[in-house]
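A.B. asks: Pasting the sequence and the predicted coordinates here, then a few questions.
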Protein chains: 2
Amino acid sequence: MSLNTDWLAAVTFDSNGLIPAIAQDAKSDAILMVAWMNAEALSETVQSGRAVYWSRSRARLWRKGEESGHVQTVSEIRLDCDGDVILLKVEQQGGIACHTGRESCFFRRLDGHANDARWTITDPVLKDPKLIYK
Amino acid sequence: MSLNTDWLAAVTFDSNGLIPAIAQDAKSDAILMVAWMNAEALSETVQSGRAVYWSRSRARLWRKGEESGHVQTVSEIRLDCDGDVILLKVEQQGGIACHTGRESCFFRRLDGHANDARWTITDPVLKDPKLIYK
């Protein structure tokens, strides 16, 4: 019996065959990261219940946590009105999503007014990346 | 006196000069929508405190709410580790971000298991789009 992939037809991939996926912490609602998926990554995510992305830099599937152990267990998958953005609600293993060792990749906040704006790092490094990626 | 735009140098736009921007409700932490910005849209957002996007379909600046009245007042701007995704925390006027009249564009949830998955509409239409866009 073949898999029912009708649900995939509602998903619009870009000209590179990719769709951006937002990972949101299911408990805190913090936005952890944004990465890309191709159809294979999305299908495997649905089947395995674990976030799988497409690494553009390495040009291969990236099973989040495969090196770091920071696996994302997916509790919900949502699609936006245009069908071109995916939202994952995840449980973040280790509480660290970012390769810098922070909870979230969005650790810089724009401070100041328009004429003296600057990025401020607001979030602490929870674990030294050298200890995450051995 | 010219504006200080050093902060813009940390922002990586794609080959089309665009960067995706996530709008998150500052109070509920709900993810409302994802749209695109070019440097001009981002600069105007910083200066005006109101979300301004780049409409790819209309190929022009899109001051969110210009037709619908559903303006987004920006309370915080964040940038991710790679500098290629923007996160806005916003106050959503009217409580409606989606052109379908829903609070959020992410109103479809994937239900079922891999072999019988389907998208379920989970969020109500709060206002008829015909009454929003006259």
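C.D. replies: Thanks, I have it.
A.B. asks: State the pLDDT value of the one residue in chain A that gets nearest to chain B.
C.D. replies: Relative to chain B, the nearest point of chain A is residue A:29 (3.6 Å; Cβ to the nearest Cβ). Where you see a C-beta, it was placed from the backbone N, CA and C, and this is true even at glycine. Per-residue confidence (pLDDT) for residue A:29: 97.
A.B. asks: which residues are in contact with the helix or strand bottoming out on mean pLDDT in chain A?
C.D. replies: When the helices and strands of chain A are compared on mean pLDDT, DSSP states H and E, helix A:129-132 comes out lowest with a mean of 93. Helix A:129-132 has contacts (Cβ atoms under 8 Å, 6 or more residues apart in numbering or on different chains) with A:67-70, A:96, A:99-101.
A.B. asks: so which of these also contact chain B?
C.D. replies: With Cβ under 8 Å from any Cβ of the partner chain as the criterion, the contacts of helix A:129-132 include A:99-100 near chain B.
A.B. asks: Now rank the contacts of helix A:129-132 by neighbours and give me the top one.
C.D. replies: Highest neighbour count within these, by other Cβ atoms under 10 Å in any protein chain shown: residue A:96, with 22 neighbours.
A.B. asks: Quick one: the strands in chain A, in order.
C.D. replies: A:19-25, A:31-37, A:52-55, A:60-63, A:72-79, A:86-92, A:108-111, A:118-121 (DSSP state E).
A.B. asks: Output the last one as CSV, restricted to C-alpha atoms.
C.D. replies: Yep, that's strand A:118-121 we're talking about. This file holds the C-alpha atoms of strand A:118-121, laid out as CSV (Å, rounded to 0.1, in the frame of the first residue of the first chain):
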residue,chain,number,x,y,z
ARG,A,118,22.4,48.4,16.9
TRP,A,119,22.1,44.7,17.5
THR,A,120,22.4,43.6,21.2
ILE,A,121,23.0,40.0,22.1
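A.B. asks: circling back: how many neighbours does the residue of chain A closest to chain B have?
C.D. replies: By other Cβ under 10 Å, neighbour count at residue A:29 equals 14.
A.B. asks: quick one: it from residue B:71, how far?
C.D. replies: 23 Å (Cβ to Cβ, to the nearest Å).
A.B. asks: now residue A:110
C.D. replies: Counting by Cβ to Cβ, the gap from residue A:110 to residue B:71 is 19 Å.
A.B. asks: again with residue A:27
C.D. replies: 30 Å.
A.B. asks: more crowded one of those two?
C.D. replies: Neighbour totals were compared for residue A:27 and residue B:71, and residue B:71 leads with 17 against 11 (other Cβ under 10 Å).
A.B. asks: pLDDT score for the nearest residue to that one once chain neighbours are set aside?
C.D. replies: The shortest distance from residue B:71 to any non-neighbouring residue, by Cβ to Cβ, 6 or more residues apart in numbering or on different chains, is to residue B:65 (3.3 Å). Per-residue confidence (pLDDT) for residue B:65: 96.
A.B. asks: OK, contacts around residue B:65?
C.D. replies: Contacts of residue B:65 (Cβ under 8 Å, 6+ apart): B:50, B:71-72, B:93.
A.B. asks: repeat that with 7 Å
C.D. replies: B:71-72, B:93 (Cβ atoms under 7 Å, 6 or more residues apart in numbering or on different chains).
A.B. asks: Also residue A:89?
C.D. replies: Here residue A:89 is in contact with A:24, A:26, A:75-76 (Cβ under 7 Å, 6+ apart).
A.B. asks: Intersect these with the contacts of chain B.
C.D. replies: Residues of these in contact with chain B (Cβ under 7 Å from any Cβ of the partner chain): A:24, A:76.
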